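**Student:** fold the stuff below for me.
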Amino acid sequence: MKIRERVASETSDYVVLLHGFNDTHRHMLLFEKRLNSQGYHVLNIDYPSHQLTIERTAQEVAAILDQKIDRTRPVHFVTHSMGGVVTRCLLERHPQPNLGRVVMMSPPHHGSEWADLASKINIPDQLRSKPLKEIRTSPDSFVHQLGEIDYELGIIGANRHFGTLTSPVFSGENDGVVSIDSMKVNGMKDFIVLRKLHVTMVFSPKVIKQTTHFLQHGQFDHPTAAML
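**Tutor:** Modelled structure (predicted):
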């Protein structure tokens, strides 16, 4: 695993960034820059998302945090897609002292319909990975084995998709990869949906703005969200 670190000050809150499946830390660079400019000590972690199981990834991220984090300072998490499931597993199996707030973008808490499709069609071996199997919608998949949320969690959903390309895969509102219903989870504190695509929402200034608002206030800016 690789890690990019931006230090605002020696007393700043931490924000841990975790990207999604088959992405890298580069997909979170805008978040890294913006959060650091707002005074956070940012840890942008690059993990091999198509190689390790979700539980193994969570274990290795927890080990990195044990080395990097000053436990007297709050630590927040900002994640995209499967990174949210990794974080949920991490916080359940490796509780973090001084845990702050958590923002997840389009997390497949109840699985991804695209992961279901990938298990049925002929795709490259790279995509036939353990973590992809763990985020299927089937009741026996890993995502359905995780426990309840007991921390301040805000979820940002997206609802732009690829039209007729995704219509056979989804039965309801979705972002092209995860359905809106799958993103929600019991115990979350707040939830909003923005008109974005799953794969590009990490580059959206509006998504970043809502993320920082939740980190600061424990809720999203819904009047603003309604106008987006």
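
**Student:** which residues in this structure form helices?
**Tutor:** In the chain, the helices defined using DSSP state H lie at 29-37, 54-68, 82-93, 113-118, 130-134, 180-183, 205-217, 222-226.

**Student:** and these, which is most packed in?
**Tutor:** Stretch with highest mean neighbour count among the helices of the chain: helix 82-93 (a mean of 24; mean count of other CB atoms under 10 Å). To be clear about C-beta, it is placed using only N, CA and C from the backbone, and glycine gets the same treatment.

**Student:** export the helices of the chain to JSON lines and append columns for distance to K189 and mean pLDDT.
**Tutor:** Output for the helices of the chain, formatted as JSON lines (distance: least, CB to CB, whole Å; pLDDT from 0 to 100):
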{"stretch": "helix 29-37", "distance to K189": "19", "mean pLDDT": "97"}
{"stretch": "helix 54-68", "distance to K189": "22", "mean pLDDT": "96"}
{"stretch": "helix 82-93", "distance to K189": "14", "mean pLDDT": "97"}
{"stretch": "helix 113-118", "distance to K189": "26", "mean pLDDT": "77"}
{"stretch": "helix 130-134", "distance to K189": "25", "mean pLDDT": "81"}
{"stretch": "helix 180-183", "distance to K189": "14", "mean pLDDT": "94"}
{"stretch": "helix 205-217", "distance to K189": "8", "mean pLDDT": "97"}
{"stretch": "helix 222-226", "distance to K189": "13", "mean pLDDT": "65"}
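
**Student:** show me the one of the ones you listed that comes nearest I192.
**Tutor:** Nearest to I192 among those is helix 222-226; the distance by CB to CB comes to 4.7 Å.

**Student:** burial check on T72, number of neighbours?
**Tutor:** T72 has 8 neighbours, counted by other CB atoms under 10 Å.

**Student:** related to what we said a few turns ago, which one of the helices of the chain lies closest to A8?
**Tutor:** For the helices of the chain, the distance to A8 is smallest for helix 29-37, at 5.7 Å, taking CB to CB.

**Student:** pull the CA atoms of that closest one into CSV?
**Tutor:** Presented in CSV, the C-alpha positions along helix 29-37 are these (Å, rounded to 0.1, in the frame of the first residue of the first chain):
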residue,chain,number,x,y,z
LEU,A,29,-6.4,14.1,-5.2
LEU,A,30,-9.0,16.9,-5.4
PHE,A,31,-10.3,15.9,-2.0
GLU,A,32,-6.8,15.7,-0.7
LYS,A,33,-5.9,19.2,-1.8
ARG,A,34,-9.2,20.8,-0.8
LEU,A,35,-9.4,19.2,2.7
ASN,A,36,-5.8,20.0,3.4
SER,A,37,-6.4,23.7,2.4
